[in-house]
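S.K.: return a 3D structure for these sequence lines:
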Amino acid sequence: MTRDITTWFEGFTEQRVRVGEVTLRVRTGGRADAPPLLLLHGFPQTHVMWHPVAKLLAPHFRLVLPDLRGYGDSDKPDGGPDHAGYSKRAMAVDMAALMAQLGHARYAVCGHDRGGRVAHRLALDHPQAVSRLCLLDIAPTFDMYGATDMAFARAYYHWFHLIQPAPLPERMIGGCAREYLHAKLGGWGTGGLAHLEPQALADYERCFCTPEAIHAACEDYRAAAGIDLEHDRASREAGQRITCDLLVLWGERGVVQRMFDPLALWQAQCSANVEGRALPCGHFIPEECPQETADELLRFMA
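M.R.: Next up, the predicted model:
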């Protein structure tokens, strides 16, 4: 029998937490006396994507699973003329404030997709807070844009579609939002929607298929192609690097594996130990390979 999300996350507490200009939906669970681990979802999903991994990690960590600003049931503020409201720096500030309010001064972070880019900026801007970092199926935004060619543009066409001026992409996606969502969730090497649990897919559909959520997602990508690149360039020119140990995992059937050397790219951006490998899946690693993901996190975060 299919259970609803509340039952699915039995033992977790759901709350809305005000951090600065936004209120975030967040679930917390796991061992109260265990080390804190912040799990950040990506596009076009919500924190629900972590459920298959979270239930494996709950005996070992105090887990914090938020919806990023602009996603899920978190607030969707105005991005502003330069889209700074959706910069990864702004999202990282959200996460730092959230963890501080929950009583965690230092914690590990794992981010997938857009959440990985937020986690990267969190580690750069708040190094005193991040003890260990894991990034799932991304290379640095700065390097990915810098290496753009025809093959990358075809595979990641949404990077270039979503950044077009409003409201064109919003209207195009809004005309068939559910079909667009399914195309994104079923692409990138996964071979359809079989890796998704029904409860998760229902949450993604509910949360993504609204004008406000579609606009926020576009603003996220507009920020990535503008102000985020400015921040990344400034960090590199200043010699700023990740200072904690870093684990990088990527899907062997995904675009990152096919077009980049993620381990080498992240080693160049980190002054501590960097390790990683490909897992037998596409882009949506936590849902396609939950046991392998949990095993890697347990080993690395220990």
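
S.K.: contacts and neighbour counts: CA atoms only from here.
M.R.: Will do.

S.K.: can you pull up the most central residue in this structure?
M.R.: residue 115 (1.8 Å; Cα atoms, centre = their mean).

S.K.: can you report phi and psi for that residue?
M.R.: phi -60, psi -30 (degrees, to the nearest 10).

S.K.: surely it and residue 45 touch.
M.R.: No: under the criterion of Cα atoms under 8 Å, residue 115 is not in contact with residue 45, lying 10.1 Å apart.

S.K.: mutual contacts of these two, please.
M.R.: The contact sets of residue 115 and residue 45 do not overlap (Cα atoms under 8 Å, 6 or more residues apart in numbering).

S.K.: what pLDDT does residue 194 get?
M.R.: At residue 194, the pLDDT value in this model is 89.

S.K.: sorry, that was for residue 5
M.R.: So, for residue 5, pLDDT stands at 73.

S.K.: now do the same contact list for it.
M.R.: Residue 5 neighbours (Cα under 8 Å, 6+ apart): 199, 200.

S.K.: that older thread, tell me how far the residue nearest to the centre of the chain lies from residue 150.
M.R.: 26 Å (Cα to Cα, to the nearest Å).

S.K.: how about residue 12?
M.R.: Distance, residue 12 to residue 150, by Cα to Cα: 44 Å.

S.K.: and residue 87, by the same measure?
M.R.: According to Cα to Cα, residue 87 and residue 150 sit 26 Å apart.

S.K.: count the residues that sit near residue 103.
M.R.: Neighbourhood size, residue 103 [other Cα atoms under 10 Å]: 10.

S.K.: separation between it and residue 50?
M.R.: Taking Cα to Cα as the measure, residue 103 falls 22 Å from residue 50.

S.K.: for the stretch 101-250 of the chain, which segments are assigned as strands?
M.R.: 107-112, 130-136, 245-251 (DSSP state E, counting those that start in this stretch).

S.K.: got CSV for those, with mean pLDDT too?
M.R.: CSV is the format used below for the strands of the stretch 101-250 of the chain (pLDDT from 0 to 100):
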stretch, mean pLDDT
strand 107-112, 98
strand 130-136, 98
strand 245-251, 98
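
S.K.: mind putting those strands into TSV with distance to residue 299 and mean neighbour count?
M.R.: Listed next are the strands of the stretch 101-250 of the chain as TSV, based on distance: least, Cα to Cα, whole Å; neighbours: other Cα atoms under 10 Å:
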stretch	distance to residue 299	mean neighbour count
strand 107-112	13	23
strand 130-136	12	24
strand 245-251	10	23
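
S.K.: residue 207 is nearest to which of those strands?
M.R.: Closest of these to residue 207 is strand 107-112, at 18.0 Å (criterion: Cα to Cα).

S.K.: can you list the low-confidence ranges for the stretch 101-250 of the chain?
M.R.: 188-191 (pLDDT under 70).

S.K.: all helices of it, in order?
M.R.: 114-125, 141-146, 150-155, 157-161, 168-174, 177-185, 198-208, 211-224, 227-237 (DSSP state H, counting those that start in this stretch).

S.K.: tell me which of these sits most buried.
M.R.: helix 114-125 (a mean of 25; mean count of other Cα atoms under 10 Å).

S.K.: got the angle for that one vs helix 227-237?
M.R.: 40 degrees (axes from the mean of the first three to the mean of the last three Cα atoms, to 10 degrees).

S.K.: send me helix 114-125 as PDB with only the CA atoms.
M.R.: Provided in PDB are the C-alpha atoms of helix 114-125 (Å, rounded to 0.1, in the frame of the first residue of the first chain):
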ATOM      1  CA  ARG A 114      21.900  22.500  -7.400                       C
ATOM      2  CA  GLY A 115      22.200  21.600  -3.800                       C
ATOM      3  CA  GLY A 116      25.800  20.600  -4.500                       C
ATOM      4  CA  ARG A 117      26.400  24.100  -5.900                       C
ATOM      5  CA  VAL A 118      24.900  25.600  -2.700                       C
ATOM      6  CA  ALA A 119      27.100  23.300  -0.700                       C
ATOM      7  CA  HIS A 120      30.200  24.400  -2.600                       C
ATOM      8  CA  ARG A 121      29.500  28.100  -1.800                       C
ATOM      9  CA  LEU A 122      28.600  27.200   1.800                       C
ATOM     10  CA  ALA A 123      32.000  25.600   2.200                       C
ATOM     11  CA  LEU A 124      33.800  28.600   0.700                       C
ATOM     12  CA  ASP A 125      31.900  31.300   2.500                       C
END
